[in-house]
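**Q** Sequence plus the predicted model coming up.
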Amino acid sequence: GARRAMAVVEKHVVYGTVAYWLGKKAEETKSHKWTCYLRANQPNEDLGLWIRKVVFTLHPSFEQPTRVIDKPPFEVTEHGWGEFDIQMQVHFVDPSEPAVEVTFPLRLYPEDGEQLQVKKAVVHERYDEIVFHAPPQSLQQKLLAPSKPGAGWAAHPLAEHWVAYDPASDFATLTALHEKVIHELDAAAKRKLELEAEVKQLHTEISQLENKMR
């Protein structure tokens, strides 16, 4: 189809993993049940309108480590015991659009060192934006199609763990965090200079004392 000049379409998506510890009675090599996924940020959006397939590449120790999922939900569920990086390759319905490749770490254990509990999910997600520059008209229509109740993840079994991220709010939080880090770095640099001056002064005083003792 004809391309519309200067059109930019952003699609908001979330990559993630949800893992459950299966308890002390589970097999040692299958201590966790986990799902790795690509989902829409908004609960009623149908990713299948513009994504043709997602290719997941798991750790080579898995049987058939390459999994091709050609319809929503774009996810893989497995059992295992170890954490590793999962490769995701996102292919679009328009073959002229290059695939997007993402590496996402499977997380089985809580980051805060909290005790593992049966039925308590360990959720690890990353919000992202896939940007299309001047997509063909046919693809643009699919990218801009309105959301329909029931078309997305609202009724998904893992939906209780999922939220729609607010990028504007998250950006404000990141900006504030960035400013705090800059402020702390400035303060640390200032303190470093002060300490260096103190050390220099001490060296001078030690030299003077040594000269007196000679």
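**A** Thanks, I have it.

**Q** in the protein, which spans are strands?
**A** Secondary structure of the chain, counting by DSSP state E: strands at 8-21, 32-40, 51-57, 66-69, 74-80, 85-92, 100-105, 122-133.

**Q** tally of neighbours for Pro135?
**A** Pro135 is flanked by 24 other residues according to other CB atoms under 10 Å. To be clear about C-beta, it is placed using only N, CA and C from the backbone, and glycine gets the same treatment.

**Q** And the pLDDT at the residue nearest the centre of the chain?
**A** Nearest residue to the geometric centre of the chain (CA atoms, centre = their mean): Arg126, 2.5 Å. In this model, Arg126 is scored at 94, pLDDT.

**Q** Give me the spatial nearest neighbour of it, chain neighbours excluded.
**A** Using CB to CB, 6 or more residues apart in numbering and skipping the chain neighbours, the partner closest in space to Arg126 is Tyr15 (5.1 Å).

**Q** swap in Thr29?
**A** The shortest distance from Thr29 to any non-neighbouring residue, by CB to CB, 6+ apart, is to Trp81 (5.3 Å).

**Q** picking that back up, distance check, the residue nearest to Arg126 against Tyr127.
**A** 8 Å (CB to CB, to the nearest Å).

**Q** so Glu129 touches Val13, yeah?
**A** Yes - assessed by CB atoms under 8 Å, Glu129 is found in contact with Val13 at 7.5 Å.

**Q** Show me which of the two is the more surrounded one.
**A** Shown here are Glu129 and Val13; by other CB under 10 Å, Val13 has more neighbours (22 against 10).

**Q** Tell me the helices and strands packed up against the biggest helix by length in the chain.
**A** Determined from DSSP state H, the single longest helix within the chain is helix 167-213. Applying 3 or more CB pairs under 8 Å, 6 or more residues apart in numbering; DSSP states H and E, one finds that helix 167-213 contacts strand 122-133.

**Q** Quick one: distance of the strand it packs on to the chain centre.
**A** 6 Å (CA atoms, centre = their mean, to the nearest Å).

**Q** and that strand, which strands flank it?
**A** Sheet pairing of strand 122-133 (DSSP bridges) gives strand 8-21 (antiparallel).

**Q** Before I go, just wanted to say thanks for your time.
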